[in-house]
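**Q** predicted model and sequence below, questions to follow.
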Amino acid sequence: MENLVLVTLHLLAAIFFVGSVFFEVTILGAIGRPVGPEAMRAVESAIGRRARRVMPFVILVLYAAGITMAWQYRDVLAHPFDSGFATLLALKIALALSVLGHFIAAVTLGARGKLRSRQVRFIHISVFIHVMLIVILAKTMFYVA
């Protein structure tokens, strides 16, 4: 039962996080020109305020559940190249740590007032690619096991 709760929490937080990244990159990123820079700034500002309130909680749940689930595979992860499952899980964890690094970098740069729109765009696209790979790995690793 405990594992079901962990998997469910992890999955729901992942859906929220991946969905947010997907929306920002594929939808929000494409409406800048049609709505104009002034309206876009207002939209980005409002979304940013909301994200700063919600995302830390989502990321806390996502990573706490993920770490707890990964702990169950610590023996497998000790030898990441012994099986396809272990290799894919280790790669998934590495990508997740990279996403966390991106998030920390964005928060740190934002708090210092040094986060520019070009950096935001790069971070969003990079995180988008990372999370898409994580989703693919999450599904694939159970097929190679």
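**A** Received the coordinates, thanks.
**Q** mind checking how far the helix ranked longest in the chain is from the chain centre?
**A** When the chain is parsed with DSSP state H, its longest helix is helix 37-71. When C-alpha coordinates are averaged (Cα atoms, centre = their mean, to the nearest Å), helix 37-71 and its chain have centres 9 Å apart.
**Q** how far away is Arg53 from Ala70?
**A** Distance, Arg53 to Ala70, by Cβ to Cβ, to the nearest Å: 27 Å. The way it works is simple: take the backbone N, C-alpha and C, and place the C-beta from them, glycine included.
**Q** more neighbours, these two?
**A** Neighbours per residue, other Cβ atoms under 10 Å: of Arg53 and Ala70, the larger number sits with Ala70, 17 against 9.
**Q** list the contacts for the more buried one?
**A** Applying Cβ atoms under 8 Å, 6 or more residues apart in numbering to Ala70 gives the contacts Leu77, Leu89, Ile93.
**Q** got it, and Gly66?
**A** When contacts are counted by Cβ under 8 Å, 6+ apart, Gly66 is found next to His10, Ile93, Ala96.
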